[in-house]
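Asker: Below are the sequence and a predicted model for it; my questions follow.
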Amino acid sequence: MSATDPETTTTAIYDDLDRIEREILIEATAERVWQLVSEPGWYINDSVITEHRIDRDGDLSTVHDPVHGAFVFRTVKLDEPRYAAFRWLADASDPDSESTLVEFWIADSESGVILKVVESGFASLSGSEAERRARFDGNAEGWKLELELARTHLTSRSDA
């Protein structure tokens, strides 16, 4: 199923409750968007993009948010300035825990870049169908909010 939200120019695609895909136009350079999306867990926040303390151990990054706690991400691939991929671990205390794959693509457009995010792997997570559905629904709504925050953050700063 595919839907377009005209208020935010954010596109959402839901594939059998396993894959969330959204994109948004941002009037910024690819390099500027890359600075944000190449940081593990930049999207762990509420109403504004916040800086986090990040502890790194090899390809693992533990993102500490003062409100939401600790989240662990495994860096899969960084291809500056066009593609970044991370595994979002379900259990912050277990580096081998199940995860979803979060991927970002940055593509040029006439008035900036299109930032696309895909998060996949919900169907393979443990738990009941209702628990997986709740996580999927929460993240589907979350990506809509986070992409809007990214656009606001990247276009409202004085050095933009």
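Answerer: Noted; the coordinates are in hand.
Asker: What's the end-to-end length of stretch 56-69?
Answerer: End-to-end distance for stretch 56-69, by CA to CA, to the nearest Å: 16 Å.
Asker: Buried residues, it. List them.
Answerer: For stretch 56-69, a neighbour-count test (16 or more other CB atoms under 10 Å) marks Ser61, Thr62, Val63 as buried. All C-beta atoms are positioned from the backbone trio N, CA, C, and that covers glycine.
Asker: who does the last one bridge with?
Answerer: As for beta bridges, Val63 partners with Ile54, Phe71 under DSSP bridges.
Asker: which ones are touching it?
Answerer: Pro40, Gly41, Ile44, His52, Arg53, Ile54, Ala70, Phe71, Val72, Phe73 (CB atoms under 8 Å, 6 or more residues apart in numbering).
Asker: and it, what pLDDT?
Answerer: Listed pLDDT for Val63 reads 96.
Asker: Tell me the spacing between the residue nearest to Leu149 when sequence neighbours are not counted and Ala130.
Answerer: In this structure, Leu149 finds its nearest non-sequential neighbour in Ile49, 5.5 Å apart by CB to CB, 6 or more residues apart in numbering. For Ile49, the distance to Ala130 equals 31 Å [CB to CB, to the nearest Å].
Asker: Generate a PyMOL selection restricted to the buried subset of the contacts of Val63.
Answerer: To isolate the buried members of the contacts of Val63 in PyMOL, using 16+ other CB under 10 Å:
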select buried, resi 40+41+44+52+71+72+73
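Asker: Kindly reformat the contacts of Val63 as CSV and extend each row with distance to Ser111 and pLDDT.
Answerer: Shown next, in CSV, are these (distance: CB to CB, whole Å; pLDDT from 0 to 100):
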residue, distance to Ser111, pLDDT
Pro40, 28, 96
Gly41, 28, 95
Ile44, 29, 95
His52, 30, 94
Arg53, 35, 95
Ile54, 32, 97
Ala70, 37, 94
Phe71, 33, 95
Val72, 36, 97
Phe73, 31, 97
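Asker: could you point out the longest helix in this structure?
Answerer: In the chain, taking DSSP state H as the definition, the longest helix is helix 129-156.
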